[in-house]
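J.: The sequence and its predicted three-dimensional model are supplied below.
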Amino acid sequence: MSQETRVRFAPSPTGSLHIGNARTAILNWLFARHTGGSFILRIEDTDLERSSKESEESIYNDLHWLGINWDEGPDVGGKVGPYRQMERTHLYEEYTNKLLANGHAYHCFCTQDELEEMRQKALAEGKTDAWYDGRHRNLTTAQKQAFREEGRQPVVRLKYPDQDITFIDIVKGETTFPAGSTGDFVIVRSDGTPTYNFAAVIDDGLMKISHVIRGDDHLSNTPKQIAVYNALGWKVPIFAHIPMILGPDKSRLSKRHGATSVRGYADAGFLPDALINFMSLLSWSSPSGDEILSIQRLIDEFDFSRVSKSPAVFNVEKLEWMNGMYIRSLAIEKLTDLCLPYLQNAGYHLPERSVLEQIVAMVQENLERLKEIVEKLEFVFADKVIPATAEAVRMIEKESTSKVFWSFLRQLDKVEQLDFARFRQIMKTVSEETGVMGKDLWMPLRVALTGQIHGPDLPKVVDIFGKERCKKLVESALNI
RNA sequence: GGCCCCUUCGUCUAGUGGUUAGGACUCAGGACUUUCAUUCCUGCAACAGGGGUUCAAACCCCCUAGGGGUCACCA
């Protein structure tokens, strides 16, 4: 019973990592780390049409970005490899032959037209599943020979048992599929490649996978796969069908709901830990009730007993909030590193590192996504400052404004340098001198210095800008 | 349509027969403050419907409705 836990994530390389698949990967990984078992990456590339090497690479990259590592996989090897299905064809052949030999599978020579006819006939009877009538189940050698001479390339079908198939899913509970709801399905295509329901079983069996954790869209594939395990005489693994992730309209999450690739979220400036934290909370919850959970806590606490059965809507607002929490908790050095690419990409002329860190720190608590750093800091890197909105213009057109500006400029001349403390002192003096205070005092200066009515604390801005820049900006504001 | 799965605030969820049904996001209001934001406080808001079982049901059973998935030589 105390068999080693071995789980796998088995994406097909037909694009970059989808958010739904990423969630499956995350739960598998969390479970493996929680139990001290192994997490295996397997590439299911039997769909020759759609699979590509680039997709495989991008999946590795996205997984690495998330911080998910695997113990066995195409790139790192392992004792039950190879880990790319197209490199395992000899194994599928071997087991196909076994099934053919022990009578659990057979060659079917039906043409597309014949198949279509059967499908129509079944449809007329109100059946859409189990439409294949099993007509080639017991072909004689002579019949097979005749078909071959016609040039027909057979597929291999599994004899699906005429009985209920019941299994216990550790998230859904006991579920049974009644006999007759599935027909003899194809396990090997006419070109010799295995189909998903066959290859997955051969691989999971040979790779000693103990728990098959996947999206519940695979629930209805499970009886087929169990039939393969049984035909092979293999032990059936434990299944865990996790609920799907839905879009805001409650349909399966897809492109039309916006970004659905992990890459998209990475580019927008979401942090991997925040994304993992958020996604782990989709259909799972910590017994503590806490929501901001470190990866370590996630690993410590993750358990299928707390995975819910119902699907969850991907709530981007909450992800953004959570990402903001993570950004705020970042050390400034780290945050600056992460923001650097966005800033460089924006073409900003960046100051030396220590100054840059100060600048980034200024807007740290305003960020929900790293990408936003570009707009938040636009006023710092702009060539000139102009009031950005009508309201800003109004602030600067107030009667008391020029008084404030002149007073400010006079005070500025009295100091060698401008910094946080001196600025506060100056503002106090300006207020006393002009009698202007509060909003009317601060807003004009804010607009003069940043062009906007919202932004970071002014003393911080001034501290970074320094005396000369402030002087120039206020002087030019006087001419508006 | 057949089969399978699911159903607590708008969203994510806690809850396993006795709770004022709790928390989080969002939203609204307030406090703080030179603005925004942060932070803190307050508030709005839910057991899909109908039958049972029981002294007692969000929790157990049945039915209905709704949602999702799946019915390929895709995975």
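T.: Sure, I can see it.

J.: all helices for the stretch 51-200 of chain A, in order.
T.: A:53-66, A:89-101, A:112-124, A:141-149, A:196-206 (DSSP state H, counting those that start in this stretch).

J.: wait, does the third one contact RNA strand B?
T.: Yes - under the criterion of CB under 7 Å from any atom of the strand, RNA strand B is reached by helix A:112-124 at A:112, A:115, A:119. All C-beta atoms are positioned from the backbone trio N, CA, C, and that covers glycine.

J.: If you drop the residues flanking it in sequence, what lies closest to the second one?
T.: Meaning residue A:115. Among residues not flanking residue A:115 along the chain, residue A:132 sits closest, at 7.5 Å (CB to CB, 6 or more residues apart in numbering).

J.: what does the last one give?
T.: For residue A:119, the nearest residue in space outside its immediate sequence neighbours is residue A:131; the separation is 5.0 Å by CB to CB, 6+ apart.

J.: got a list of what that neighbour touches?
T.: The contact partners of residue A:131, taken as CB atoms under 8 Å, 6 or more residues apart in numbering, are A:118-119, A:121-123, A:183.

J.: where does it land on pLDDT?
T.: Looking at residue A:131, its pLDDT stands at 92.

J.: and what of residue A:303?
T.: pLDDT at residue A:303 comes out at 93.

J.: rewinding a little: quick one, which of the residues of helix A:112-124 next to RNA strand B are buried?
T.: Among the residues of helix A:112-124 next to RNA strand B, not one is classed as buried by 16 or more other CB atoms under 10 Å.

J.: What is the neighbour count of the residue nearest to residue A:115?
T.: 21 (other CB atoms under 10 Å).

J.: same question, residue A:221
T.: For residue A:221, the tally of surrounding residues (other CB under 10 Å) stands at 17.

J.: so it touches residue A:197, yeah?
T.: Yes - Residue A:221 is within contact range of residue A:197, at 5.7 Å (criterion: CB atoms under 8 Å).

J.: one step back: pipe the contacts of residue A:131 into TSV and attach distance to residue A:240 per row.
T.: Output for the contacts of residue A:131, formatted as TSV (distance: CB to CB, whole Å):
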residue	distance to residue A:240
A:118	35
A:119	33
A:121	38
A:122	33
A:123	34
A:183	27
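
J.: Go through the residues you listed and name the one nearest RNA strand B.
T.: RNA strand B has its nearest neighbour among the contacts of residue A:131 in residue A:119, at 6.3 Å by CB to the nearest atom of the strand.

J.: Kindly check the end-to-end length of stretch A:80-94 for me.
T.: Taking CA to CA, to the nearest Å as the measure, stretch A:80-94 stretches 16 Å from start to finish.

J.: Then stretch A:96-111?
T.: End-to-end for stretch A:96-111, by CA to CA: 21 Å.

J.: Next: stretch A:224-238.
T.: 15 Å.

J.: from the middle of its chain, how far away would it be?
T.: In terms of CA atoms, centre = their mean, to the nearest Å, the centre of stretch A:224-238 is found 31 Å from the chain centre.

J.: is RNA strand B contacted by the helix or strand of chain A with the lowest mean pLDDT?
T.: Ranked by mean pLDDT, DSSP states H and E, the helix or strand of chain A with the weakest confidence is helix A:390-396, at a mean of 81. No - counting by CB under 7 Å from any atom of the strand, RNA strand B is not contacted by helix A:390-396; separation bottoms out at 9.5 Å.

J.: Kind regards, and thank you for your time.
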